[in-house]
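*Asks:* no sequence on hand, only this structure:
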């Protein structure tokens with residue numbers, strides 16, 4: 001079955017990088033399939049709203065509404081997302097952090113046509129923790145808004161750009177819900193946004209765009225903020241970027257840890273069964289370097305509370 005994979009860029013310059021990324025996505029699917037033979041991963045729980053087949057029929061208010069509905073679907077409060085990656089994993093999305101080989105490929109997502117499980121790869125070639133949170137929310141936007149999209153539409157540059165802009169808008173609305181964000185932004189200034197950064201864990205650049213999207217500021221104020229933003233030298237790196245925690249996927253890591261501790265498989269079995277190089281498995285599954293070279297001693301687990309969250313060992317069912 002032909003799959004629809006969402007990329008930030010469809011330019012010729014990134015064609016080889018896209019091909020490499022699709023191979024990595026295939027490997028991530030293979031690793032997940034292997035792990036699923038031994039543990040039961042959470043089922044996909046991405047809401048399926050009544051979205052149009054043609055994404056050009058969506059406007060900004062529609063996207064704002066779908067972002068709010070997604071938060072409501074998962075019973076989230078009007079406050080910052082605690083951990084965007086963990087949220088996706090709890091809803092059955094397999095997330096990986098990996099080098100995608102091009103600065104224009106920030107992240108990608110796809111929905112497996114056979115298992116209906118969503119996959120997201122967040123590119124680590126560049127970026128910051130705040131940016132990577134945005135990337136995760138951006139890919140969630142694709143999974144919700146564009147699940148009916150005919151992939152042939154992405155060949156049109158204008159439509160591809162609009163699809164990406166829609167995912168951007170969704171990410172902003174999901175991470176910075178209009179009402180609480182506007183209530184907390186006490187002034188249309190960079191210092192006011194900086195004061196909110198540690199709480200909302202989004203970039204100041206995103207706050208500027210969000211303030212404009214929600215009509216909290218006008219075009220002239222937005223222009224002034226961007227000028228001051230550049231004057232402060234924040235284009236490459238913002239304050240607090242080095243203090244924010246990187247949100248690391250845990251679902252596959254915990255699954256492998258569980259499999260090895262119970263001696264259901266050995267690291268050698270993993271490499272032989274998947275046919276993939278150990279370093280690539282470690283990277284895609286967020287395992288430490290040389291994790292598959294470790295010797296795992298047998299352990300005795302004494303209660304179901306000790307099992308990792310989100311995975312159920314099939315031998316205990």
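*Replies:* Yes, it's here. Here the structure is a predicted model, which is why all the values come from computation and not from measurement.
*Asks:* tell me, how many residues neighbour residue 245?
*Replies:* 8 (other C-beta atoms under 10 Å). Where C-beta positions appear, they are placed from N, C-alpha and C, glycine not excepted.
*Asks:* ok, now how distant is it from residue 177?
*Replies:* Distance from residue 245 to residue 177, counting by C-beta to C-beta, to the nearest Å: 22 Å.
*Asks:* now swap in residue 166 and tell me
*Replies:* 17 Å.
*Asks:* quick check: phi and psi on the closest residue to residue 47 other than its chain neighbours?
*Replies:* In this structure, residue 47 finds its nearest non-sequential neighbour in residue 73, 4.4 Å apart by C-beta to C-beta, 6 or more residues apart in numbering. The phi and psi values for residue 73, taken as degrees, to the nearest 10, are phi -60, psi -40.
*Asks:* now residue 54
*Replies:* phi -100, psi 110.
*Asks:* can you check residue 178 too?
*Replies:* Dihedral angles (degrees, to the nearest 10) for residue 178: phi -60, psi -50.
*Asks:* thought it was touching residue 185?
*Replies:* No. Between residue 178 and residue 185 there is no contact under C-beta atoms under 8 Å: 10.8 Å.
*Asks:* looking at the two, which one has more neighbours?
*Replies:* residue 185 (21 against 18).
*Asks:* isn't that one up against residue 195?
*Replies:* No. Contact between residue 185 and residue 195 fails when scored by C-beta under 8 Å: they sit 9.1 Å apart.
*Asks:* if you count neighbours, what's buried in the longest helix anywhere in the chain?
*Replies:* Counting by DSSP state H, the longest helix found in the chain is helix 15-35. Residues 17-18, 20-21, 24-25, 27-32, 34-35 are the ones in helix 15-35 that count as buried (16 or more other C-beta atoms under 10 Å).
*Asks:* same thing with stretch 147-159?
*Replies:* In terms of neighbour count (16+ other C-beta under 10 Å), stretch 147-159 has its buried residues at 147, 149, 153, 154, 159.
*Asks:* same deal with stretch 35-45?
*Replies:* 35, 36, 38, 39, 41, 42, 44.
*Asks:* hmm, the fifth one is touching residue 32, no?
*Replies:* Yes. Look at residue 41 against residue 32 with C-beta under 8 Å: they come within range, at 7.3 Å.
*Asks:* so which elements touch the longest helix of the chain?
*Replies:* Counting contacts by 3 or more C-beta pairs under 8 Å, 6 or more residues apart in numbering; DSSP states H and E, helix 15-35 is packed against strand 5-7, strand 94-98, strand 107-111, strand 118-123, helix 251-261, helix 267-274, helix 278-284.
*Asks:* export these to CSV and append columns for mean pLDDT.
*Replies:* Output for these, formatted as CSV (pLDDT from 0 to 100):
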stretch, mean pLDDT
strand 5-7, 63
strand 94-98, 95
strand 107-111, 87
strand 118-123, 94
helix 251-261, 94
helix 267-274, 94
helix 278-284, 95
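*Asks:* just so I know, which of those lies nearest residue 56?
*Replies:* Evaluated over the helices and strands packed on helix 15-35, closeness to residue 56 peaks at strand 5-7, with 16.0 Å, by C-beta to C-beta.
*Asks:* without its sequence neighbours, what residue ends up closest to residue 246?
*Replies:* residue 129 (5.1 Å).
*Asks:* what sits against that neighbour?
*Replies:* 201, 241, 244, 245, 246, 247 (C-beta atoms under 8 Å, 6 or more residues apart in numbering).
*Asks:* try 7 Å
*Replies:* 244, 245, 246, 247 (C-beta atoms under 7 Å, 6 or more residues apart in numbering).
*Asks:* and what of residue 92?
*Replies:* Here residue 92 is in contact with 41, 42, 43, 44, 45, 117 (C-beta under 7 Å, 6+ apart).
*Asks:* as a markdown table, the residues you listed with distance to residue 123 and secondary structure would be great.
*Replies:* Formatted as a markdown table, these follow (distance: C-beta to C-beta, whole Å; DSSP: H, G, I helix; E, B strand; the rest coil):
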| residue | distance to residue 123 | secondary structure |
| --- | --- | --- |
| 41 | 23 | coil |
| 42 | 24 | coil |
| 43 | 27 | coil |
| 44 | 23 | coil |
| 45 | 25 | coil |
| 117 | 20 | coil |
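*Asks:* since that was my last question, I'll sign off now.
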